[in-house]
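Enquirer: sequence first, then the predicted structure, then my questions.
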Amino acid sequence: LLGGESGVGKSRLLDEVRTQALVKGMLLLRGQAVSSGSAAYQVFFDVLRMLCLEVELTEFEASVLNAVVPNLASLLQQKVADAPELNAHATQARFLNVIEAVFARLQRPTAVILEELHWVGPETIALLERLGQRAGQLRLVLLGSFRDDEAKDLPKRLPEMNLLPLQRLSPERIAALSESMLGDVGNSPRLVEFLVNQTEGNAFFIVEVIRALAEEAGQLSDIGQRTLPARLLVGGIRQVVSRRLNRVPEWARPLLRLAAVMGRQLDTRALGLIFPKLDSLLDACADAAVLDISDAAWRFAHDKLRESL
């Protein structure tokens, strides 16, 4: 479990883990929870869809997963019967047994990355707990991120998972990050002090402040050479996010707000039905660094951008 405040670097760290897992030949399954209106096990939807393509399901397993995995029959290109009705407790137990059995038949070491777990419900917690108990025997690694200020009790609810709290960056690490982005000029004491005061070590803030300084200076080499503004940002993260969103063309904003309601990952099929020239919107938002691509899918570059919209 990666815990920390929004912007501290949880998603960025998971992106690096994802890259290492793929390089090592692992099967990579990834899911993203949404803030409201989600169904049970929603964070596992994409994980289970990939799982159903990776493992040959029995008719019984397909019938049980059919109640949770959207469009399973179309995915498998075969008819899928409904599972026999049971009471709620028995239905959940049957589902957990099937999930465990399917994971057990995976041929490759597998990494499951789940983001924004502070939004999941008790059904997902039960599934995570079950998989956590068997992860060592299944050659399975589970990685989840959550905002520790919104779900402080999550580690207690998932005792099988180890907590890795992510803290804000120290002045030394701020200097290292700034230097990695700007070169030698990024390590100047004046600039580092400015970044410390403006961002208080939040990684997302640091990147955005450097981006703003670069826009004002005109070129990277001039950052820190000129007089730094007494206060670049007013209002903390709201101002940081607003600055980024204001770069999106006016014509693109209504559809972008609609996309934000759908979740961090864009449903490009649905958006394309609403706005036929979707490619132009995606390009404009990518140029503004509001959208990027992850796992061949468009998504908001940071969930704070989606939340603000």
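Expert: All right, it came through fine.
Enquirer: how about the helices in the stretch 201-309 of the chain?
Expert: Secondary structure of the stretch 201-309 of the chain (DSSP state H, counting those that start in this stretch): helices located at 203-217, 237-245, 253-262, 268-274, 278-287, 303-308.
Enquirer: which among these is found nearest to Ala81?
Expert: helix 268-274 (27.0 Å; C-beta to C-beta). Glycine gets a C-beta too; all of them are placed from N, C-alpha and C.
Enquirer: tell me what that closest one is packed against?
Expert: helix 253-262, helix 278-287 (3 or more C-beta pairs under 8 Å, 6 or more residues apart in numbering; DSSP states H and E).
Enquirer: contacts made by that helix with the rest, please.
Expert: The contact list for helix 268-274, computed with C-beta atoms under 8 Å, 6 or more residues apart in numbering, reads Leu255, Leu258, Ala259, Met262, Leu278, Leu281, Leu282, Ala297, Trp298.
Enquirer: which parts of that helix are buried?
Expert: Using 16 or more other C-beta atoms under 10 Å as the test for burial, helix 268-274 gives Leu271.
Enquirer: count residues in the vicinity of the closest residue to Val207 other than its chain neighbours, would you?
Expert: Closest residue to Val207 apart from its sequence neighbours, by C-beta to C-beta, 6 or more residues apart in numbering: Met181 at 7.6 Å. Counted by other C-beta atoms under 10 Å, the residues lying close to Met181 total 16.
Enquirer: okay, Met181: pLDDT?
Expert: On the pLDDT scale, Met181 is placed at 89.
Enquirer: surely it and Ile210 touch.
Expert: Yes: Met181 is within contact range of Ile210, at 5.7 Å (criterion: C-beta atoms under 8 Å).
Enquirer: so which strand or helix has the closest residue to Tyr41 other than its chain neighbours?
Expert: Nearest residue to Tyr41, sequence neighbours excluded (C-beta to C-beta, 6+ apart): Val68, at 5.3 Å. For Val68, there is no enclosing helix or strand under DSSP states H and E.
Enquirer: tell me who's in contact with Val68.
Expert: Ala40, Tyr41, Phe44, Phe45, Leu48, Phe95.
Enquirer: tell me the two of those that are most distant?
Expert: The widest separation within those (C-beta to C-beta) is 13.7 Å, between Phe45 and Phe95.
Enquirer: more neighbours: those two, which one.
Expert: Shown here are Phe45 and Phe95; by other C-beta under 10 Å, Phe95 has more neighbours (22 against 16).
Enquirer: now for whichever strand or helix holds that one, which elements pack on it?
Expert: In the assignment (DSSP H and E), Phe95 maps to helix 88-104. Here helix 88-104 touches helix 45-54, helix 59-65, helix 122-138, going by 3+ C-beta pairs under 8 Å, 6+ apart.
Enquirer: wait, which of those is closest to Val8?
Expert: helix 122-138 (21.6 Å).
Enquirer: what sits closest to Asn202 if chain neighbours are left out?
Expert: Gly7 (4.7 Å).
Enquirer: quick revisit: the helix or strand following the helix holding Phe95 pairs with which strands, and in what direction?
Expert: Scanning forward in sequence from helix 88-104 by DSSP H and E, the next helix or strand is strand 110-115. Strands adjacent to strand 110-115 in the sheet, as given by DSSP bridges, are strand 27-32 (parallel), strand 140-147 (parallel).
Enquirer: what's the average pLDDT for strand 110-115?
Expert: 96.
Enquirer: again with stretch 162-176
Expert: 94.
Enquirer: with just CA atoms, put that stretch into PDB.
Expert: The C-alpha trace of stretch 162-176 is given here as PDB (Å, rounded to 0.1, in the frame of the first residue of the first chain):
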ATOM      1  CA  ASN A 162       2.600  -3.700   3.900                       C
ATOM      2  CA  LEU A 163       2.300   0.100   4.200                       C
ATOM      3  CA  LEU A 164       4.800   2.300   2.400                       C
ATOM      4  CA  PRO A 165       4.100   5.900   3.400                       C
ATOM      5  CA  LEU A 166       5.300   8.500   0.900                       C
ATOM      6  CA  GLN A 167       6.400  11.800   2.400                       C
ATOM      7  CA  ARG A 168       6.900  15.200   0.900                       C
ATOM      8  CA  LEU A 169      10.400  15.800  -0.500                       C
ATOM      9  CA  SER A 170      13.200  17.200   1.700                       C
ATOM     10  CA  PRO A 171      15.100  20.300   0.500                       C
ATOM     11  CA  GLU A 172      17.900  18.000  -0.700                       C
ATOM     12  CA  ARG A 173      15.500  15.900  -2.800                       C
ATOM     13  CA  ILE A 174      13.800  19.000  -4.100                       C
ATOM     14  CA  ALA A 175      17.200  20.200  -5.300                       C
ATOM     15  CA  ALA A 176      17.800  16.800  -6.900                       C
END
